[in-house]
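Asker: next come a sequence and a model predicted from it.
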Protein chains: 2
Amino acid sequence: MEQLYRYIEQYVELSLEDKWLLLSHTSKRTYLKGQYIVQQGDVCNYENFVLNGCTRTFYLDKYGNEHVVMFAIRNWWTGDMGSFTTRTPASYHVQCLDDTEVIQFTHEGLELLYQKIPQLERFFRLIVQKAFVASEKRVIANFSKTARERYLEFLAKYPEIEQLVPQYMIASYLGITKEFLSKIRSELRNEHVHHVNLD
Amino acid sequence: MEQLYRYIEQYVELSLEDKWLLLSHTSKRTYLKGQYIVQQGDVCNYENFVLNGCTRTFYLDKYGNEHVVMFAIRNWWTGDMGSFTTRTPASYHVQCLDDTEVIQFTHEGLELLYQKIPQLERFFRLIVQKAFVASEKRVIANFSKTARERYLEFLAKYPEIEQLVPQYMIASYLGITKEFLSKIRSELRNEHVHHVNLD
DNA sequence: CGAAAATTTGACATGACTCAACTGGAGTGG
DNA sequence: CCACTCCAGTTGAGTCATGTCAAATTTTCG
């Protein structure tokens, strides 16, 4: 729990009492590699704070194609926020790409916590704001940049994730096919070889 | 102000005192068609609640191309949230496409209101959550649907906006060129004519 | 009315996709 | 320890959705 407290305390202050309340109204859970935390179509019952491991959130379209919406690693949040808040069927699957430990907030538990720890409203407002701003930037990046640029930026921004997840999921996150990502990578390799030879 | 009160009261309750506080720590302002509420590069000093009129938020890339991030009409919020909250240069321009009346919250004013009206934290958390969920859906739609599908969905979802703004901005919002949108529209017209003739 | 802005149209170019074949590990079991 | 399979990744040929550029047309509005 210390990890969660420290994370929240980056945004708002927590008393000992607050920490105790958080502890008693959440639960820790471990998922194995491949397991689903949320399944598209079910109501998402938990907001999840990732302690360690790695998850992906993806949408399965009517043709059976997967579209990766996001990854989550240590100190990220995951789940289907729309489903969680409105108690409607989830739009996405959330799957663990590794053994993954999370701290889970139920809807009921979180509403109770909002009442008892008012600054938690502020905390969640702040992190959702950040997520929203990042999501808008992604919309624009997808319009204004080529797949190659987006891939390079992804590498620069999330070097850890690049190691953890298979290429085809990164391709999906970038909105391209695995074949096309493979071609981009092959180009980059060739360019790199040339640079080395020129030295 | 009644319009703003009613809007907020869809999410949280407001006392008379709260309303008075809102009134005294915000200001109403009218912009003319073409004017900028926010300019990319400046710090965004206001969150704006649109009473009437219409705005567009757009990003100007390094090649001088415009990319429309969103439109805002009656009862929507606009501004550059990232810039407003972190007091950093705005990523976007916000321009009025019509004479537009807004209620403006300054950063200072809003922080004060958060203290005096704690349920305002909740209110903004809820609306930012909605905006975030919508933004994630847009990312996925851009990946999994053709330009034609996205245009049809846009028409269905925002019929008012279609009337108000020029085609080339809608094209930009959809992430395509004005020429290509024009071709899509021409296709749709042809199909429609055929259907009519078959009757 | 006339000029500027928005939209349309057409020829051509290209980024990214599809499909199918191939390569190369990482188990797994005999 | 080899053979087999399975899955991820690569490569190549052909195709398609969408972009670019330039010209023609329509609309808007002073």
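Answerer: Looks like it arrived, so ask away. Being a predicted model, the structure only gives us computed values, none of them experimental.
Asker: tell me the residues of chain A that contact chain B?
Answerer: When proximity is defined by C-beta under 8 Å from any C-beta of the partner chain, chain A lies next to chain B at A:59, A:61, A:65, A:67, A:69-70, A:81-82, A:85, A:91, A:114, A:118, A:121-122, A:124-126, A:128-129, A:131-133, A:135-140, A:142-144, A:175. Any C-beta I mention is one placed from the backbone N, CA and C, and that applies to glycine too.
Asker: swap the cut-off to 6 Å and go again
Answerer: Neighbours of chain B within chain A, by C-beta under 6 Å from any C-beta of the partner chain: A:59, A:61, A:67, A:69, A:81-82, A:85, A:118, A:121-122, A:124-125, A:128-129, A:131-133, A:135-136, A:138-140, A:142-144, A:175.
Asker: tell me what the closest residue to A:Y173 other than its chain neighbours is bridged to.
Answerer: Nearest residue to A:Y173 in three dimensions, chain neighbours excluded: A:V68, at 4.1 Å (C-beta to C-beta, 6 or more residues apart in numbering or on different chains). Beta-bridge partners of A:V68, counted by DSSP bridges, are A:F58.
Asker: picking that back up, filter the residues of chain A next to chain B down to the ones in helices?
Answerer: A:81-82, A:85, A:121-122, A:124-125, A:128-129, A:131-133, A:135-136, A:138-140, A:142-144 (DSSP state H).
Asker: circling back to that earlier point, what's the local residue count around the residue nearest to A:Y173?
Answerer: 21 (other C-beta atoms under 10 Å in any protein chain shown).
Asker: likewise for A:V139?
Answerer: For A:V139, using other C-beta under 10 Å, the count is 21.
Asker: just list the residues touching it, thanks.
Answerer: B:R138, B:V139 (C-beta atoms under 6 Å, 6 or more residues apart in numbering or on different chains).
Asker: quick check: beta-bridge partners of the nearest residue to A:L97 once chain neighbours are set aside?
Answerer: Leaving out its chain neighbours, the residue that sits closest to A:L97 by C-beta to C-beta, 6+ apart is A:C54, at 4.6 Å. Beta-bridge pairing of A:C54 under DSSP bridges involves A:I73.
Asker: I figured A:C54 hits A:Q95, correct?
Answerer: No - when contacts are counted by C-beta atoms under 6 Å, A:C54 is not listed as touching A:Q95 (9.9 Å).
Asker: quick one, helices of chain A?
Answerer: A:2-9, A:16-24, A:81-86, A:107-116, A:119-144, A:147-157, A:159-164, A:167-174, A:178-198.
Asker: turn those into JSON lines, columns for mean pLDDT.
Answerer: Output for the helices of chain A, formatted as JSON lines (pLDDT from 0 to 100):
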{"stretch": "helix A:2-9", "mean pLDDT": "98"}
{"stretch": "helix A:16-24", "mean pLDDT": "98"}
{"stretch": "helix A:81-86", "mean pLDDT": "98"}
{"stretch": "helix A:107-116", "mean pLDDT": "98"}
{"stretch": "helix A:119-144", "mean pLDDT": "97"}
{"stretch": "helix A:147-157", "mean pLDDT": "96"}
{"stretch": "helix A:159-164", "mean pLDDT": "91"}
{"stretch": "helix A:167-174", "mean pLDDT": "97"}
{"stretch": "helix A:178-198", "mean pLDDT": "81"}
